[in-house]
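A.B. asks: Sequence and predicted model, in that order:
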Amino acid sequence: MSDLLTELLYVVSVVLFALSLKLMSAPRTSRLGNFCGVAGLAFAIIATLIAFQVHQVDLLIGAVVIGAVVGAPIGLRVAMTAVPQRTAMSHAFGSLAVALVGAAEYYQEVPNIDPFSLSVLSGEMILGFLTFTGSCIAFAKLQGLITGRPILYKGRSVVSMTVLAAAVASGVYLVANQTQEFMLPVMAAFALLFGFLLVIAIGGADMPTVIAILNSFAGLSAAALGFVLDNKLLIVAGSLDGSSGLILGIIMSQAMNRSFVNILFGGVGASAPTSQMAATGPAKTAQAYTAEDVATILENARSVVFVPGYGMAVAQAQHVVKDLADILEKRGCDVKYAIHPVAGRMPGHMNVLLAEAQVPYDQLWEMDRINPLFPETDVAIVVGANDVTNPAARTKADSPLYGMPILDVDKAKTVVFVKRSMNPGFSGVENELFYLPNTMMVFGDAKKVLTDLVAAVRKLGK
Amino acid sequence: MTALVSADLATNLLILVLATFLGQELIRHVSRLLHTPLMALTNAISSVSFIAALIVLSNPGSDLIAFLATVAVALAATNIISGFLITDRILKMFQKRKPKK
């Protein structure tokens, strides 16, 4: 009886999960969607507690309290600019949880596990453990604890693949000799090492895709655990999470015109920019301007497009961008924001930051919609974006960026480029845009430059 | 042995396939504006692995097993709580202002 009740509650839970994703299709209904997710999870937990009596309630309560004490401040306090790190951390936690349950399940059932279940279990643990270390490294890179540039060495593909093969081989050995319990930690160690090697070699600009792929892995391992425990709810929730990660990963990789393999193993962004600069031939000069110069140009602008990038997030400049936009709008100037899918460090990163600064979301324009409008744009203001505006992606077949869809800011009448220095973006490729006659470079921290600009524009307006 | 796996396995595979298709369709229609909160949400949803830890914890065969499951409960609980809270915080920002016309 209680089993039937549990199964029925699981169905309710699945419906709520599906509904919660459906309600995410529009901002208006999205909060309700989140609420459905909470409700679905609550039903799932209640249903499970009905069917399975937990004997060590003290352990359970203790663990949940720890989860609440750690989780609530993260959920309530983390700054919006730190959301990518938070996401990487949650992938790490989620995948480690799944891997540990997998290990617990192995010790519980050994030596009576059928070979199929044990194969799935091994695969699940490998995926879970490698996602754990991979996500930890992604977290460290996003948090700035280690360099965002890929760390490369000769023969790294061979080393990585050997480690992965060793993990798989340990898993196969375990399936064949399931009482050899020592094999599990060995397998786990190889998987952990592989996750580390994989992500340490990936650059910061590729993080949107990497995070999405890790998300997909975490979901997949949860679904695999569902197979082992014969728990259908877990299979559904894991599949939904896995699909979400996969789709976001595909969108991200398409927006860079690169394959998953290239992103995971390409090591793009490692090359030092100096050699390339030397090779470009005749000395080109970029013209540096002051905030006052830009303010004069903005005086007469009828349409302005902001192009935000990771630099805006680092400088926390989203609020001052909005201030400038408000002033311009008050003058009757048309303001839009051009959002490249991979701008920032995770899918949708820029949208969140601009929403935080209370930019109305109908002003956020996706790449495909905004690109035809650039020729009619008076001023495009690039704030901390770089590679996603580089015309080399259209013209230079030998560039690592070639073929990547970009925002056509170079077609705007004037391009204002707010940038800390002349350094190239993460791809290591120099941006020709800096040298175009209609480009005004303004050097400095994005927040400071824009604050100066707001002051200059106000002064002129008086 | 094969008989033991096949019936359940087939059903579970069916569920996996259908849920993946459903997921693809649903996610495809999610507004691009909301990709960040989407990730936070699906993360929290997949922390339903919490219940897997509960199941193991209902009858742990050894202290090691109980320990592993307890750690998993703590990790999953952290994800659930932080995930839903941060998703709501992000989504709230998208509500504040109605698009003006």
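C.D. replies: Yep, that arrived. Numbers count the residues shown, from 1 in each chain, chains lettered A, B, ... in the order given.

A.B. asks: before we move on, what SS does the closest residue in space to residue A:251 that isn't next to it in sequence have?
C.D. replies: For residue A:251, ignoring the flanking residues on the chain, the nearest one in space by C-beta to C-beta, 6 or more residues apart in numbering or on different chains is residue A:341 at 6.0 Å. Every C-beta, even on glycine, is put in place using the N, C-alpha and C of the backbone. Three-state secondary structure (criterion: DSSP: H, G, I helix; E, B strand; the rest coil) places residue A:341 in coil.

A.B. asks: where in chain B is pLDDT low?
C.D. replies: Low-confidence regions of chain B, defined here as pLDDT under 70, cover residues B:1-7, B:96-101.

A.B. asks: Could you point out the longest helix of it?
C.D. replies: Here the longest helix in chain B is taken by residue count, with DSSP state H as the criterion, and it is helix B:63-95.

A.B. asks: Need the phi and psi values for the residue nearest to residue A:251.
C.D. replies: Here the main-chain torsion angles of residue A:341 (degrees, to the nearest 10) amount to phi -60, psi -30.

A.B. asks: so who does it touch?
C.D. replies: With contacts taken as C-beta atoms under 8 Å, 6 or more residues apart in numbering or on different chains, residue A:341 has the following neighbours: A:208, A:251, A:252, A:254, A:255, A:347, A:366, A:367, B:32.

A.B. asks: go on, residue A:127?
C.D. replies: Neighbour list for residue A:127: A:95, A:99, A:191, A:217, A:220, A:221, A:224 [criterion: C-beta under 8 Å, 6+ apart].

A.B. asks: Among the residues you listed, which one lies nearest to residue B:87?
C.D. replies: residue A:95 (18.9 Å; C-beta to C-beta).

A.B. asks: before we move on, back to that, now do the residue nearest to residue A:251, the pLDDT please.
C.D. replies: Looking at residue A:341, its pLDDT reads 89.

A.B. asks: ditto for residue A:282
C.D. replies: Reading off the confidence values, residue A:282 has pLDDT 48.

A.B. asks: same check, this time on residue A:332
C.D. replies: 89.

A.B. asks: Against chain B, how distant is the closest residue to it other than its chain neighbours?
C.D. replies: On the basis of C-beta to C-beta, 6+ apart, the spatially nearest residue to residue A:332 that is not a chain neighbour turns out to be residue A:302, at 7.8 Å. Counting by C-beta to the nearest C-beta, to the nearest Å, the gap from residue A:302 to chain B is 19 Å.

A.B. asks: again, but for residue A:431
C.D. replies: The gap separating residue A:431 from chain B is 25 Å, by C-beta to the nearest C-beta.

A.B. asks: And for residue A:377?
C.D. replies: As defined by C-beta to the nearest C-beta, residue A:377 lies at a distance of 21 Å from chain B.

A.B. asks: Now the closest residue to that residue other than its chain neighbours: phi and psi?
C.D. replies: Distances taken as C-beta to C-beta, 6+ apart place residue A:412 nearest to residue A:377, at 4.2 Å, with adjacent residues excluded. Note on residue A:412: backbone dihedrals following degrees, to the nearest 10 are phi -70, psi 160.

A.B. asks: pLDDT (mean, whole number) over the helix or strand containing residue A:244?
C.D. replies: When secondary structure is defined by DSSP states H and E, residue A:244 falls within helix A:232-255. pLDDT averaged over helix A:232-255 equals 92, rounded to a whole number.

A.B. asks: what packs against it?
C.D. replies: For helix A:232-255, the contact count by 3 or more C-beta pairs under 8 Å, 6 or more residues apart in numbering or on different chains; DSSP states H and E identifies helix A:2-22, helix A:27-51, helix A:207-229, helix A:260-265, helix B:2-28, helix B:35-46, helix B:49-57 as packing neighbours.

A.B. asks: Before we move on, what's the pLDDT of residue A:98?
C.D. replies: At residue A:98, the predicted lDDT confidence score is 95.

A.B. asks: Can you get me a residue count around it?
C.D. replies: The number of residues packed around residue A:98, counting by other C-beta atoms under 10 Å in any protein chain shown, is 37.

A.B. asks: residues touching it, list them.
C.D. replies: Neighbouring residues of residue A:98 by C-beta under 8 Å, 6+ apart: A:124, A:128, A:218, A:221, A:222, A:225, B:49, B:52, B:72.

A.B. asks: Number of residues surrounding the spatially closest residue to residue A:353 that is not a sequence neighbour?
C.D. replies: Nearest residue to residue A:353, sequence neighbours excluded (C-beta to C-beta, 6+ apart): residue A:318, at 4.4 Å. Residue A:318 has 27 neighbours, counted by other C-beta under 10 Å.

A.B. asks: what sits against residue A:318?
C.D. replies: Contact criterion C-beta under 8 Å, 6+ apart gives A:308, A:312, A:353, A:354, A:356, A:357, A:359 as the residues in contact with residue A:318.

A.B. asks: isn't there a strand covering the third one?
C.D. replies: Read it as residue A:353. No. Per three-state DSSP, residue A:353 lies outside any strand segment and is helix.

A.B. asks: What does the pLDDT read for it?
C.D. replies: Looking at residue A:353, its pLDDT is 92.

A.B. asks: List the residue ranges of chain A that fall below the pLDDT cut-off.
C.D. replies: Within chain A, the ranges that satisfy pLDDT under 70 run A:1-2, A:267-284, A:424-428, A:462.

A.B. asks: tell me, what residue is most central in it?
C.D. replies: residue A:346 (2.3 Å; C-alpha atoms, centre = their mean).

A.B. asks: Tell me the secondary structure of that residue, please.
C.D. replies: When classified by three-state DSSP, residue A:346 comes out as coil.

A.B. asks: what sits against it?
C.D. replies: Residues near residue A:346 by C-beta under 8 Å, 6+ apart: A:83, A:84, A:87, A:207, A:208, A:211, A:212, B:35, B:36, B:39.

A.B. asks: How much space separates the residue sitting nearest the centre point of chain B from chain A?
C.D. replies: Note on chain B: the residue nearest the mean C-alpha position is residue B:46, at 1.2 Å, using C-alpha atoms, centre = their mean. Per C-beta to the nearest C-beta, residue B:46 is found 4 Å from chain A.

A.B. asks: Is that residue in contact with residue A:95, as I believe?
C.D. replies: No. Residue B:46 lies out of contact with residue A:95 (C-beta atoms under 8 Å); the separation is 9.4 Å.
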